[in-house]
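A.B. asks: fold the stuff below for me.
(one chain, ligands or ions: 1)
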Amino acid sequence: MTSQRKAFTASPPRILSIAGSDPSGGAGIQADLKTIASLGCYGMCALTALTAQNTKGVSEIHITPTDFFRSQLQTLWEDIEIDAIKIGMLGNREIINALHEELKDRRIQNVPIVIDPVMVSTSGSLLLTHDSINDLIKLLLPKCYLLTPNLPEAKQLLEHAKSSIRIENDGNLANLMLAAHHLTSLGPKVALVKGGHHIWKRSQLEANLKEIGISVEGENVEEEKYLGAEVLQGSWQSHKLIVVRTDLEPYADVLSSGRHDQDPGTVADVLYDSIKDQLTIFVKPHVQSQTTHGTGCTLSSALASNLTSSASLTSVVHTSIQYVQRCISRGLSDLGRGVGPLNHLCGIQPRPILQPIDVPLCDSERFPLCSRLISCSLPIWRAFTQHPFVAGLVGYTLPRESFIYFLKQDYLFLKHYARVWASGASSFTVGSTFERIATFAGIAAEMASEADNHVKICQRWGISRDQLETTVESSATLAYTRYVLDVSRSGDALELLAATGPCLLGYGEAGRWIKKEQSKRGALDRSSEQAAAFQDWVEYYAGEEFQKIVRDGIQNMEKYAANDPPSLKRTANLQRIWDAAIRLEIGMWDEALNTQLRRDVLSS
Ligand SMILES: Cc1ncc(COP(=O)(O)O)c(N)n1
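C.D. replies: Sure thing, here's the model as predicted:
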């Protein structure tokens, strides 16, 4: 049982939180692990300290003995590859020095490190001794990719580092920008200074934006591009400057329990990316809430999780901020008697329409629609493209009967798919041009060639085309194919592309993922008939010919979207279709893995 489970394990991105424990579950490693899991990643932790605390405050702190702290890390390094690290409460100098030593390990040299410089808890307890701040600056900031202080913490760090820069604590955007910029000279490549302590009237913030040369109307307003935000561009003191606003209607409706009066107040965070020399101001509505315990922990672990995608830094930060905003707005206000925790798991309940973007597969600037659809479906997207069925093809541990079962069903599936494209080519709608007819008919023809590949693989086991043709269609195949046919008849071209996109893009990604995983394992024994058949399948989907079809498919979708940019409502509908198709894809693979159970009810 154990080894079988292991054979089918496809790990999601692995995030390590190095932080303290909060037994009330709102902050520290407890918040981190919930955040990481709800963003579709696998969370681990090494404890720097035990605290006794609840929603009202911290009553006691017990710092982990240094040797034991190091031992936790070494035990992880020697076994598990880590994709991102988040560092939170450190407690004292001994822990900082021990961590500094451990971070020298060559196995984690390229892992992005996010540091939340936790100094004082919301309730006022000291979580880092004063004499530790210089060590934090000297030993850990040079290792840091992304530092996430709030403005008072940023000010303290700069003062301890004897920076010549003086920051006022008034939330003025210029202060946030100066702080973010100067903090990167202490080592971090990127600094995100959180301005949540200062609540602006929207009109004041707009005046402040104007003062620094960003206008809210006019030429530098870039149209919303599926980002779920209004994006403005400009410059400040020779740095490129972007403003991402989610405080304006209709974006602000993401906070369903927030206030909806004229001016609910606005807060701003500032990011400085020293690699691009670019500042980004994230302006968001102030969420009227008493449930903010653990906000910093949650944001930094969301950032570490989202950094494992290949999204641009701006969209990683935007995505993470939006996640935290939602968790605060749905916070658990009556959990205890003090400051309640965020609702970390609200993100895995049915999603509101405007999810922020994040781009695991394609570039958000060149492919805004596809990257948006993928990022908003990320947990199920990963469950699909790295499904245990797919994972079983990496080392050929997938049961043979599951594979054959799937090929037979997929053969039927492809036939219905060809019908879908042919009907898309023949339907006469406003967008019915020769180009569209030719594209759609061309895709129908590609289905035939994919089906031929299935026939070729099946022949290895003496299964003929006739047998494939007479296979009984399973419930998962019926559900998926008829759903797509339904969309093709009742929807427009873009909806059809959203329904079929997961199949095309997902198989392309699965093929590439299997090859990548195989290359990590070194030489595989391909001498058995089974291994050869599995590998034929892998090579087909990872091969350049299929990958080109995927790229063309992405471009085709983007072209349709660019010609007739979907409104927010239509984008939300495309997302629903896309998500449904992913769930149906997962259903086909689930079913194939459960063939033993089905044998009695389906003739093969
Ligand atoms: C273990 C631990 N880590 C971090 C915080 C800071 O969180 P907050 O500022 O919300 O109190 C905390 N209270 N406990």
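
A.B. asks: for stretch 509-523, buried residues please.
C.D. replies: Across stretch 509-523, burial judged by 16 or more other CB atoms under 10 Å covers 509-514, 517-518. Where C-beta positions appear, they are placed from N, C-alpha and C, glycine not excepted.

A.B. asks: right, I mislabeled it, should have said stretch 154-164
C.D. replies: 154-158, 161, 163.

A.B. asks: what does this structure have sitting close to the ligand?
C.D. replies: Within the chain, the positions near the ligand by CB under 6 Å from any ligand atom are 19-22, 27-28, 51, 53, 88-89, 118, 121-123, 127, 293-297.

A.B. asks: quick one, domains of this protein?
C.D. replies: Using the TED database, the domain parsing of the chain gives 14-250+263-330, 369-597.

A.B. asks: and among those domains, the most buried is which?
C.D. replies: Most buried of the domains of the chain, by mean neighbour count (mean count of other CB atoms under 10 Å): domain 14-250+263-330, with a mean of 20.

A.B. asks: endpoint to endpoint, that domain covers what distance?
C.D. replies: One end of domain 14-250+263-330 to the other measures 27 Å (CA to CA, to the nearest Å).

A.B. asks: so how far is it off the chain centroid?
C.D. replies: The gap between the average C-alpha position of domain 14-250+263-330 and the chain average comes to 17 Å, counting by CA atoms, centre = their mean, to the nearest Å.

A.B. asks: and stretch 442-459, by the same measure?
C.D. replies: Computed by CA atoms, centre = their mean, the chain-centroid distance of stretch 442-459 equals 33 Å.

A.B. asks: and the strands in the stretch 151-300 of the chain?
C.D. replies: All strands of the stretch 151-300 of the chain, identified by DSSP state E, counting those that start in this stretch, fall at 190-194, 221-222, 230-236, 239-245, 266-273, 278-285.

A.B. asks: let's have the ones you listed in CSV, adding mean pLDDT.
C.D. replies: Output for those, formatted as CSV (pLDDT from 0 to 100):
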stretch, mean pLDDT
strand 190-194, 97
strand 221-222, 43
strand 230-236, 82
strand 239-245, 88
strand 266-273, 95
strand 278-285, 92
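
A.B. asks: quick check: which ranges of the stretch 501-604 of the chain have low pLDDT?
C.D. replies: Along the stretch 501-604 of the chain, segments meeting pLDDT under 70 span 595-604.

A.B. asks: try 90
C.D. replies: Scanning the stretch 501-604 of the chain for pLDDT under 90 picks out the ranges 509, 512-513, 515-533, 546-556, 559-560, 562-572, 590, 592-604.

A.B. asks: ditto for the stretch 101-250 of the chain
C.D. replies: 122-124, 163-172, 196-250.

A.B. asks: which stretches of it form helices?
C.D. replies: 133-135, 151-160, 173-183, 202-211 (DSSP state H, counting those that start in this stretch).

A.B. asks: got a list of contacts for the shortest one?
C.D. replies: The contact list for helix 133-135 (CB atoms under 8 Å, 6 or more residues apart in numbering) reads 93, 96-97, 100, 119, 156-157, 160.

A.B. asks: hmm, try it at 10 Å
C.D. replies: If you take CB atoms under 10 Å, 6 or more residues apart in numbering as the criterion, helix 133-135 is touched by 90, 92-97, 99-100, 117, 119, 128-129, 153, 156-157, 159-162.

A.B. asks: stretch 460-474 too?
C.D. replies: Counting by CB under 10 Å, 6+ apart, 400, 403-413, 415-416, 451-452, 454-455, 457-459, 477, 480-482, 529-530, 532-533, 536, 587-588, 591-592, 595, 598, 601-604 sit against stretch 460-474.
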